[in-house]
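Peer 1: Below are the sequence and a predicted model; questions follow.
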Amino acid sequence: MDTGFDLREHGGVDVFLRDCPTRAVLELIASKWTMLVLVALEDGRPMRFAELRRRLDGVTSKVLTQTLRALEREGLLTRQVYPTVPPRVEYRLTELGREVGGLLQSITDWSQANIVAIQAARKDFDERTAAATSEA
């Protein structure tokens, strides 16, 4: 499939190509929990695991741990362990994480501003689909 100009020939990437490493980044960022972690940390204040877990209502410890590790691996956040008993661990966005966190904050704001219209469209679609199914 031709995706247009192939940037690989010039040392770049092309997200539309199957083997493009950018796709793994997009997959991570598109995750609901990743988005919420990045937005929660976007103000620059470090947060501890328990704070994040309380802030992200519904996330399990396992999923939050996996999400934080993935974000750390990609260079989007740092994990600082303090030598106390018990150990204190704080998470903070890196410069790269703050950049994407700002973009995701805009998406979050848009989602909250448009939820009523989206819910109305969903209801209308479901009613049309139900009516079409019952007529068939």
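Peer 2: Cool, the structure landed.
Peer 1: Name the nearest residue to the spatially most central residue of the chain, sequence neighbours excluded.
Peer 2: Centroid-nearest residue in the chain, with C-alpha atoms, centre = their mean: residue 35, separated by 2.4 Å. Nearest non-adjacent residue to residue 35, counting by C-beta to C-beta, 6 or more residues apart in numbering: residue 104, 5.0 Å away. Heads up, the C-betas are built off the backbone N, CA and C, glycines and all.
Peer 1: okay, now that neighbour: neighbour count?
Peer 2: 19 (other C-beta atoms under 10 Å).
Peer 1: before we move on, the earlier item: hang on, the residue nearest to the centre of the chain packs against residue 108?
Peer 2: Yes. Using C-beta atoms under 8 Å, residue 35 makes contact with residue 108 at a distance of 7.4 Å.
Peer 1: can you confirm the residue nearest to the centre of the chain is in a helix?
Peer 2: Yes. Secondary structure of residue 35 (DSSP: H, G, I helix; E, B strand; the rest coil): part of a helix.
Peer 1: what residue ranges in the protein score low on pLDDT?
Peer 2: Residue ranges of the chain with pLDDT under 70: 1-11.
Peer 1: Mind doing that once more with 80?
Peer 2: The model of the chain has pLDDT under 80 over residues 1-12, 136.
Peer 1: who's in contact with stretch 50-63?
Peer 2: For stretch 50-63, the external contacting residues (C-beta atoms under 8 Å, 6 or more residues apart in numbering) are 33, 36-37, 40-41, 47, 64, 67-68, 91.
Peer 1: what's the distance between the lengthiest helix in the chain and the middle of its chain?
Peer 2: Ranked by residue count, the top helix of the chain under DSSP state H comes out as helix 95-135. When distances are taken as C-alpha atoms, centre = their mean, to the nearest Å, helix 95-135 is centred 15 Å away from the chain's centroid.
Peer 1: shift numbering so it begins at 37
Peer 2: That works, and once the first residue is 37, the last one we named lands at helix 131-171.
Peer 1: what packs against it?
Peer 2: If you count contacts as 3 or more C-beta pairs under 8 Å, 6 or more residues apart in numbering; DSSP states H and E, helix 131-171 packs onto helix 68-76.
Peer 1: I'd like the next helix or strand past the helix it packs on.
Peer 2: strand 83-84 (DSSP states H and E).
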